[in-house]
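> what follows is a predicted structure for the sequence shown.
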Amino acid sequence: MISKSLREALGLRPRVVEVQPDGTGIRVEPLAVASLEERGGRLVVPASGAAVDDETVRALRDGEQR
């Protein structure tokens, strides 16, 4: 089970997720979205609605280095 505070921080909503082994832990990710949006002549991945600030990026980056 993933705590509510962590789900909210990561922008995870009730849906099917992909679970993969990652070193001695596991990685849980929402399934990739197949749809793209066109903006200004470029294809972009639609926003998930999750707020990403410097602290979130730092935590994700540091987590990958362990």
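Structure's in. What do you need?
> do you know the pLDDT at the residue sitting furthest away from the middle of the chain?
Within the chain, residue 41 marks the point farthest from the mean C-alpha position, 25.4 Å out by C-alpha atoms, centre = their mean. Looking at residue 41, its pLDDT is 89.
> low-scoring pLDDT stretches of the chain, where are they?
Within the chain, the ranges that satisfy pLDDT under 70 run 32-34, 64-66.
> quick one: the helices in it?
Along the chain, counting by DSSP state H, helices occupy 4-10, 54-64.
> which residues are in contact with the closest residue to residue 10 other than its chain neighbours?
Residue nearest to residue 10 in three dimensions, not counting chain neighbours: residue 50, with 6.4 Å by C-beta to C-beta, 6 or more residues apart in numbering. Heads up, the C-betas are built off the backbone N, CA and C, glycines and all. Going by C-beta atoms under 8 Å, 6 or more residues apart in numbering, residue 50 touches 9, 10, 11.
> okay, now residue 12: neighbour count?
17 (other C-beta atoms under 10 Å).
> same check on residue 56?
Count around residue 56 with other C-beta under 10 Å applied: 14.
> what's the answer for residue 20, then?
Neighbours of residue 20 under the rule other C-beta under 10 Å: 9.
> tell me how far stretch 14-31 is from the chain's mean position?
In terms of C-alpha atoms, centre = their mean, to the nearest Å, the centre of stretch 14-31 is found 10 Å from the chain centre.
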